[in-house]
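Q: Fold the following.
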Amino acid sequence: MNTTLPRPARSRVTALSFPAVRGALMPLLLAMMLLLSAPFRAGAVELWMFEEQGCYWCETWLEEIGPVYPKTWESKVAPLKRIDITDPLPEGITLERSIQYTPTFVLIENGREIGRIEGYPGEDFFWALLDQMLEKLPEGRAAMEESAATDAPPS
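A: Next up is the predicted model:
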């Protein structure tokens with residue numbers, strides 16, 4: 001006895017070939033991956049300020065630079081993150097050496113130290129040293145050039 005079941009009718013969805021489905025879904029999958037990874041990439045570059053309570057130079061920096069820093073192009077490239085020197089480092093952060101002095105400013109990119117400023121050398125020296133560190137980053141160079149172009153006097 002032959003008991004063949006009737007074939008179900010093919011719908012449009014199942015009739016699509018695998019490459020067509022892959023082609024249609026790939027942009028959607030890529031977009032989802034980018035959206036899900038955005039929080040991790042958003043903070044990829046930060047300027048960490050290691051400080052401790054009662055540190056005179058930390059307080060001086062906070063008075064002289066602290067109010068201005070969030071308004072600068074430097075803060076757009078490397079937002080400031082203040083860290084107590086006694087706190088343990090978060091997992092995944094690699095420093096070239098331990099923090100010995102406060103304040104110490106460490107430029108972090110993707111969890112890795114790019115450069116540091118130990119101590120607070122005064123307002124003028126701080127900005128120059130910070131700019132030297134930021135020049136090591138492509139986004140730092142681009143922001144620096146853009147800032148220089150907008151700050152140029154009209155001709």
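Q: quick one, domains of the protein?
A: Domain assignment of the chain by automatic domain parsing yields the ranges 13-40, 43-151.
Q: what would those look like in JSON lines with mean pLDDT?
A: As requested, the domains of the chain are arranged in JSON lines below (pLDDT from 0 to 100):
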{"stretch": "domain 13-40", "mean pLDDT": "47"}
{"stretch": "domain 43-151", "mean pLDDT": "91"}
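Q: of all those domains, which gets the most neighbours per residue?
A: Neighbour counts (mean count of other CB atoms under 10 Å) averaged over each of the domains of the chain peak at domain 43-151, with a mean of 15. (C-beta placed from N, C-alpha, C; glycine too.)
Q: Can you spell out which helices and strands pack onto the host helix or strand of F125?
A: For F125, the enclosing helix or strand under DSSP states H and E is helix 123-134. For helix 123-134, the packing partners by 3 or more CB pairs under 8 Å, 6 or more residues apart in numbering; DSSP states H and E come out as helix 73-77, strand 104-109, strand 112-118, helix 138-151.
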